[in-house]
Each structure stands twice: as structure tokens, then as C-alpha cells.
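1. need coordinates for the below:
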Amino acid sequence: MYIPANTNIPLLDKKGEKQVDFYLSTTGAQLTGNYAFSDKYAIMATSSFSYKNFSDYYDFWDYVFDGTSSESSFFDESEFAHHYNEIGFGRYNIFDSRIKGELFCGIGYGVAKDKLSSDDYIVTYSYSNEYWLGFVQYNFGRRFRKVDIGGGIRVGYSAFSFTFPDEDLPILVYTTDNFNNFFIEPSFIVKFGNENIKFVIRAGGSLVKTWDFDNNIETTKGMGDFLINTTSVHISFGINFNF
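-> Okay, the predicted model is just below:
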């Protein structure tokens, strides 16, 4: 399962500038770092973590069974977790002014895991979804003395490898299916504070389209289209350190 992280929008200004941000959001916790290593180019990195997604929204088994269903002999252990890391490279301060423009591209890797157990714990099903993600994003904004305002648009492609128990077989055997996502993610950011420390509010959306997915097994995998195509809006609050 792909859970969108809030897009990193550094709005870098000059060579040598370094930023570290920490966020808590509706999709998890996130740590970002940005470094302008030359007059034109910079690198950025993001790491995000979601345990039970704070709300279990993306946890299919919690959604279906709610841990108490009398219609099933299985229950959700609610240990759903998602990890994602990415690194990017690009050009910053394209306009060489207070109006900032940035163009980044990069690659990321993510994994989501969950378990489903029988009432007597004799059977435990494990689910794992790994993916590689490539992206291009354009950021824009304006930096003032105490306030930064900006936005960004990210376009990307991800390739998934989903491993799940094949319930059609008499013994527990795991099967792996592959599918792909294309996504568009707009974001908006406001930073306010002093030159070195700012509080940050970020909001964004994710429009995801999936293909090459076997709809004949969506019920056994718990991965119907309405759960894969996670079009959503998310918001985060955090703090930015600028060195």
C-alpha cells in the first residue's frame, strides 16, 4: 500500500544552506533534510513512518473486521506499519530572486506490512507490499523575513510487489503479484518564525491510479480498487531548522 507523504518543499536560497524538518501528519511521522551544495544544485532526503497510520485508515483488516466481527474467525492484530525513504537531486532558486523555483527528481523505496490471525492463533497470515518510486516535482514560493509561502506539484510512478497468502491452496503458500501506480500530488506550505527556526503547516493531496492489478483476487488480498487508489487529502504540522 502506498501512503503519500507530504511533499518536501525546501525553497532553498543560497549555497551552503542546510535544513532539517520534523513533522507529524495524518499519514505518519516524517523527517526531511535538504542541502544546497553549490550555487545551483541541492540534494534532499525524506524518511517517513506510519504505525497503524495514527487512524488505521489504510489498514484493510481493521476496516473489515474492526477486531470484533462475529462473521469471521479471524481478527486484526492492528500492527499495520508503513515505512518510506527517498532521496532527490535538483536545481534550486531558478529565478535567483525572492520568488523561488525548484525542480527536483528522485527515487524512493517503501514497504507496508500487516498480519491477520485466527481466533485461536493457529493460523497467521502475513502481508507485505514493497515498492520503488520515481518522481519529478516542481516547487515554487516566496520567502519573507519571518514567513515563507510556497507550493509544489509532484508527478511519479511506482512499481509494487505484493506478497500475500494464497487462500485457494490447501496449505499456506505465499504468492507475489506486481502492479503499478501513477500519481499526481499537489502540496502547499507555510513557514513562520525567525531565520533559524520556523513552525510549518503543510497540506497536500494525492491522486493515484493503479493498473496491472488482478481484480479476481482483490477480496482474498483485501486490495480492492477503492483501497489502492488512495485519493486523499493530508495535513502536517512541524518545525524547520535552517543552518
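2. contacts, neighbours, all on C-alpha from now
-> Noted.
3. so Ile135 sits right up against Arg154, yeah?
-> Ile isn't right for residue 135; it's Phe. Yes - shown here, Phe135 and Arg154 form a contact pair, counting by CA atoms under 8 Å, at 6.7 Å.
4. which residues of this structure fall in strands?
-> For the chain, the strands defined by DSSP state E occupy 18-25, 28-36, 41-51, 74-76, 81-91, 99-118, 124-143, 147-165, 174-193, 197-211, 232-242.
5. walk me through which strands the third one pairs with, and which way each runs.
-> Spelled out, it's strand 41-51. strand 28-36 (antiparallel), strand 81-91 (antiparallel) (DSSP bridges).
6. out of everything not next to it in sequence, what's closest to Ser25?
-> Ser236 (3.9 Å; CA to CA, 6 or more residues apart in numbering).
7. burial check on that neighbour, number of neighbours?
-> 21 (other CA atoms under 10 Å).
8. run through the bridge partners of it.
-> Residues in beta-bridge contact with Ser236 (DSSP bridges): Ser25, Arg202.
9. for it, give me its contacts.
-> Going by CA atoms under 8 Å, 6 or more residues apart in numbering, Ser236 touches 6, 23-26, 201-203.
10. now those as CSV including distance to Ser48?
-> Output for the contacts of Ser236, formatted as CSV (distance: CA to CA, whole Å):
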residue, distance to Ser48
Asn6, 9
Tyr23, 9
Leu24, 10
Ser25, 10
Thr26, 12
Ile201, 17
Arg202, 15
Ala203, 16
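11. out of these, which comes closest to Gly193?
-> Ile201 (11.9 Å; CA to CA).
12. what about that closest one, distance to Tyr157?
-> 26 Å (CA to CA, to the nearest Å).
13. check Ser232 too.
-> The value you get for Ser232 to Tyr157, if CA to CA is used, is 17 Å.
14. which one of the two is surrounded by more residues?
-> Tyr157 (18 against 13).
15. now that one: closest residue in space, sequence neighbours ignored.
-> Phe182 (4.6 Å).
16. what about the one you found, how many residues nearby?
-> 18.
17. count the neighbours of Phe37 for me.
-> 14.
18. any chance of the strands of the chain in TSV with mean pLDDT and distance to Leu12 as columns?
-> Formatted as TSV, the strands of the chain follow (pLDDT from 0 to 100; distance: least, CA to CA, whole Å):
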stretch	mean pLDDT	distance to Leu12
strand 18-25	93	8
strand 28-36	93	7
strand 41-51	90	8
strand 74-76	50	44
strand 81-91	91	10
strand 99-118	86	8
strand 124-143	89	9
strand 147-165	89	11
strand 174-193	87	13
strand 197-211	86	14
strand 232-242	89	10
